[in-house]
Structure formats: structure tokens, C-alpha cells
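> Fold the following.
(2 chains)
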There are 2 protein chains.
Amino acid sequence: MCEASAYLRNGDKDELLLQDVNKITPDGDILIIEDIFGDRKMVKGKIKEIILLDHKIIIEKN
Amino acid sequence: MCEASAYLRNGDKDELLLQDVNKITPDGDILIIEDIFGDRKMVKGKIKEIILLDHKIIIEKN
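Residues are numbered from 1 along each chain as shown, chains lettered A, B, ... in the order given. Below you'll find the predicted structure:
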């Protein structure tokens, strides 16, 4: 499966926000992240980096 | 493999920008997209939506 985990970068640590992420939709200064079960999380922040083969989505605060 | 294809949304059409994308790194109003071979493309635009299970990255112009 090709889902990824979303992490919030906090200094030099990455805190897990959501696993099994399928969809990421930026909306203004919010990111809507949705997992493969359809559960959603809204995070104030922006995409710092996505590395698909590592299944990693790094988000940083605005 | 979990790479995706990047498309530029142009009206109601999605034009293929790059296949086999591994990394996406926003940098100001630029997106750096890198494929699994390490080749990079820089695009002026922002992420509209990423759907991992569909292997789709939708980019729209700023």
C-alpha cells in the first residue's frame, strides 16, 4: 500500500500526526489530511517535504 | 512502487508534468518535484491535492 504517515516537524523532532494518510489538500493556511479510512485531521501548517518512497509527509507550522 | 505522477491542473484538464515522482518540496511559490531517478523539475505553482492511493499529485498555478 502507498499510504504515508504525516509528521509535524518540531525543531529537530518529527511528531507523528496521522498514519495511513491517503489525501492531502491544502486550503489556505490549513492542511486537510485524510487517512485511508476517510478520517480527517485539519492542521494549521504547510507541507515542508513529501518523500513518497519513504512514506513520509513532513508538515511545518506556519 | 509508491511513486506518483504530477499533473498541472489547467481548467478542467490535468496535464502530465512528471512521472515517477518521489519527492515534492515547496519552496516559496515554487515546487521542486523530483523523480525516482533524481531528476528534478521546478514548477511555479502550489499543491492543490495529493491522492496517494491514486498516485496523483495535482498542482495548480499560483
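
> Mind telling me what element whatever residue of chain A ends up closest to chain B is part of?
In chain A, the residue that lies nearest chain B is residue A:2 (3.8 Å; Cβ to the nearest Cβ). The C-beta positions use only the backbone N, C-alpha and C, and glycine is treated the same way. Of the helices and strands defined by DSSP states H and E, none includes residue A:2.

> In contact with it, which residues are there?
By Cβ atoms under 8 Å, 6 or more residues apart in numbering or on different chains, the residues touching residue A:2 are A:52, A:55, B:2, B:52, B:53, B:55.

> before we move on, what about residue A:60?
Going by Cβ under 8 Å, 6+ apart, residue A:60 touches A:8, A:9, A:45, A:46, A:48.

> Which pLDDT value goes with residue A:16?
Looking at residue A:16, its pLDDT is 97.

> show me the residues around it that make contact.
A:5, A:6, A:7.

> which of the contacts of residue A:2 count as buried?
Taking 16 or more other Cβ atoms under 10 Å in any protein chain shown as the criterion, what is buried in the contacts of residue A:2 is A:52, A:55, B:2, B:52, B:55.

> how about JSON lines for these, with distance to residue B:25 and secondary structure added?
Shown next, in JSON lines, are the buried ones among the contacts of residue A:2 (distance: Cβ to Cβ, whole Å; DSSP: H, G, I helix; E, B strand; the rest coil):
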{"residue": "A:52", "distance to residue B:25": "12", "secondary structure": "helix"}
{"residue": "A:55", "distance to residue B:25": "16", "secondary structure": "coil"}
{"residue": "B:2", "distance to residue B:25": "17", "secondary structure": "coil"}
{"residue": "B:52", "distance to residue B:25": "17", "secondary structure": "helix"}
{"residue": "B:55", "distance to residue B:25": "18", "secondary structure": "coil"}
